[in-house]
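In: Provide a 3D model corresponding to the input given below.
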Amino acid sequence: MDKKKVYLFEISDIFANQVYIPYCSGVVWSYAINNPTISYNYELAEWFYHRQNVEDIIDQIENPDILAFSCFMWNWNINCEIAERIKKKHPDCIVVFGGQHQPLGDRNNGFFAKNPFVDILVHGEGEVSFMEILETNLGLKSVKKLNIISSHEDHHLNETDSDDKNYKFIHIPGITVNLATKEYKTAPRPRLPDIGSTPSPYLNGLFDNLLEKNKNGKQLDFDAVIESARGCPYLCAFCEIGEKYYQKIKTCYNKSKKEIKWIAENQIEYVTDANSNFGLLYDQDYDLAKYVKSIKETYSYPMAYRVTWAKGRADKVLDIAKIFEAAGVQRGMTIALQSMNPDVLKAIKRKNIDDGKLGKFISMYEGANIASYVELIWGLPEETLESFIDGVSSILEAGFHNYLDIHLMMLLPNAPIASKEFINEYKIGTSEVQPRFAHRHITDKLSKDTAHFVTECGSFSREDWIKGYLFRWVVIFGHYLGPLQFIARGLHRACNVPYKDFYLSFLDFAKNNPNTFIGKEYQKILANIHKILNNERHWGDVISEAGTINWSVDEATCIRIALSSEEFFRELELFMGKNYPKLNKDLRNELIKYQKFRTHSPYKNYPQKEIFTYNLHESIENNYKIKKRKNKLLCSGKNYNSDIFKWAKETLWYGRRVAKYKTSAYIL
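Out: Numbering: from 1, shown residues only. I've put the predicted structure just below:
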């Protein structure tokens, strides 16, 4: 018997030879083939999980029966191109779109008229819906009851509709069916009652086959994804799971433990846990963290276990963070604030998780020797340029110097904020541009996939957004990747210079001195962001001395500073002299000297010793009053022997959240 052919698509980008294992499609396919009828009648003909030439993909597809696409922002357009071209070649195949990016049933009016090559959209959890689609396609399931709840254009079913090949699917809950390019939405699919008992692609051999095939092919390095819990009780407007469908949390800890063991046995280094609020279910998450630690001690894998920490529990999850820290698998503790503006938090239905206790939490983590980092988003409704700059500055003034991650607001199509009502209320405007991913291998050819970034709103203009983007750049590269941090902190201690004033002054210096190193950098960033917003170039920058991948804009500046450090520090002397002429010259020179001392460089050999005439280290790190006091410091750091790619990868990319960009310093 010839089995029907299924082709799965979960296309991700390759980042420095790393690619995510196709977890979502693996989970859905595992559920389907657990049904003996499906496994007997269907075969997985090919699985596409990394970006490659579309022609090469199409050449591998022969006589398809089902094409199933797991859709996200980063693969939407390539999915559509592949589906359209294969549908023209094989018009009888069934094309199914699931995932996070295909529009919800209340937002897909006119979708099939624009995309007639798609037969079915799957909404919400896809396991049961996809299995029933496969069952129905075999003709083994009779249509006894219609499940239609709405059609956008009041197009009622009639006799001719029953002749459409897609008509047989309209009894299945949780989907929208294409009948003659009209959208027929069925009743909602109930959530799975128990995700702990569903089949795992790690444990049923599915990913074993994938790894074996990879060994004989491109030899990519896999990053793993598990899902110890599914759902989120919060309704954050910017998030795709910020809707009531996903409010109830379902867990599968026992299955996840077995998956983690499989991951370690197969020596996969990096794991992302898709649990949206790790630590919210404290007892279970604490137990899972201890299990990860025990597995790491036994197998030396995984090297990193990434989690999204529970919102509103920043002070409650410290014990869990300590376990990950002891295991050496943590890359910083998240304090997700999103905005410091109460009006913004109200608009996005988000309570500021730390309730004004940021300083307390920072001290708590530092006392436990656990690195933490804050997250903000630039571009949220009700934010202004002034409130954004003030919010960033307030975090600096609170004494937080480890790492600040400032995301740029994207309009995800199924997030509440992307609804017409929300867009109209807050006058949201977007720019359709390249997806903002760093560390990809970039060619001159732009990706066909695009994303919608919020670049104007009722509370800020596009010009304001660009100014905020530039302020973001100078704060992240300068302070949170290191080259300006110790000067800013020293001036704050010596002269009470507000951090806001320092970074705005430095930004003005770069703008007004276009022939300097930093002035040229500023002009490059400004010119590139205009091209990016017109979709004329990708985000970030490729630097030939640092490999063939693109670095984020802040990382790229730091790499170029490392390549031209003497020029940069000479310009710092010029900046300091112009902006702080009353500062004692000896102290000014010592601040620059200390900044060089603490900025990690791939071209230095560590440890290094240096004599200072001021107690800058005590003052900056321990809040002592600055005074003349001769002292000898030793600084330590990893030696990279001029390998700037390895240095940038480990300090600016992997190590940014745990402050690898600065040396450790000690008083001798």
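
In: I'd say Glu81 and Asp449 touch.
Out: No - here Glu81 does not reach Asp449: they are 9.6 Å apart, not a contact under Cβ atoms under 8 Å. Any C-beta I mention is one placed from the backbone N, CA and C, and that applies to glycine too.

In: neighbours around Glu566, how many?
Out: Look at Glu566: counted by other Cβ atoms under 10 Å, it has 9 neighbours.

In: Distance of it relative to Tyr603?
Out: Here the criterion is Cβ to Cβ, to the nearest Å. By it, Glu566 lies 11 Å from Tyr603.

In: same question, Lys261
Out: 42 Å.

In: Show me which of these two is the more surrounded one.
Out: Shown here are Lys261 and Tyr603; by other Cβ under 10 Å, Lys261 has more neighbours (18 against 14).

In: which residues does that one contact?
Out: Contact analysis of Lys261 by Cβ atoms under 8 Å, 6 or more residues apart in numbering lists Ile295.

In: what's the answer for Arg350, then?
Out: By Cβ under 8 Å, 6+ apart, the neighbours of Arg350 are 234, 236-237, 338-339.

In: okay, those in a markdown table with distance to Trp309, secondary structure and neighbour count next?
Out: Shown next, in a markdown table, are the contacts of Arg350 (distance: Cβ to Cβ, whole Å; DSSP: H, G, I helix; E, B strand; the rest coil; neighbours: other Cβ atoms under 10 Å):
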| residue | distance to Trp309 | secondary structure | neighbour count |
| --- | --- | --- | --- |
| Tyr234 | 13 | coil | 18 |
| Cys236 | 14 | coil | 21 |
| Ala237 | 20 | coil | 19 |
| Gln338 | 14 | strand | 23 |
| Ser339 | 18 | coil | 22 |
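
In: Would you format the residues you listed as CSV with distance to His401 and pLDDT included?
Out: As requested, those are exported to CSV (distance: Cβ to Cβ, whole Å; pLDDT from 0 to 100):
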residue, distance to His401, pLDDT
Tyr234, 29, 83
Cys236, 27, 84
Ala237, 30, 85
Gln338, 20, 89
Ser339, 20, 92
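
In: what about Glu81, how many neighbours?
Out: By other Cβ under 10 Å, neighbour count at Glu81 equals 16.

In: Now it. Nearest residue, chain neighbours left out?
Out: Val54 (5.9 Å; Cβ to Cβ, 6 or more residues apart in numbering).

In: wouldn't the one you found be in contact with Asn77 here?
Out: No - counting by Cβ under 8 Å, Asn77 is not a contact partner of Val54; they are 10.5 Å apart.

In: for this structure, which spans come out with low pLDDT?
Out: 1, 140-163, 217-218, 242, 312-315, 352-357 (pLDDT under 70).

In: Nearest residue to the middle of it?
Out: Phe437 (8.2 Å; Cα atoms, centre = their mean).

In: For that residue, give me its contacts.
Out: 13, 15, 74, 539.

In: Tell me the one among the contacts of Arg350 nearest to Asn369.
Out: Distance to Asn369, by Cβ to Cβ, is smallest for Gln338 among these, at 26.5 Å.

In: Quick check: the gap between that closest one and Leu318.
Out: In terms of Cβ to Cβ, Gln338 sits 21 Å off from Leu318.

In: Ok, Ala510 next?
Out: Applying Cβ to Cβ to Ala510 and Leu318 gives a distance of 39 Å.

In: Looking at the two, which is more packed in?
Out: Of the pair Ala510 and Leu318, Ala510 is the one with more neighbours under other Cβ under 10 Å, namely 24 against 19.

In: The more buried one and Leu526 touch, don't they?
Out: No - using Cβ under 8 Å, Ala510 is not in contact with Leu526, being 9.6 Å away.
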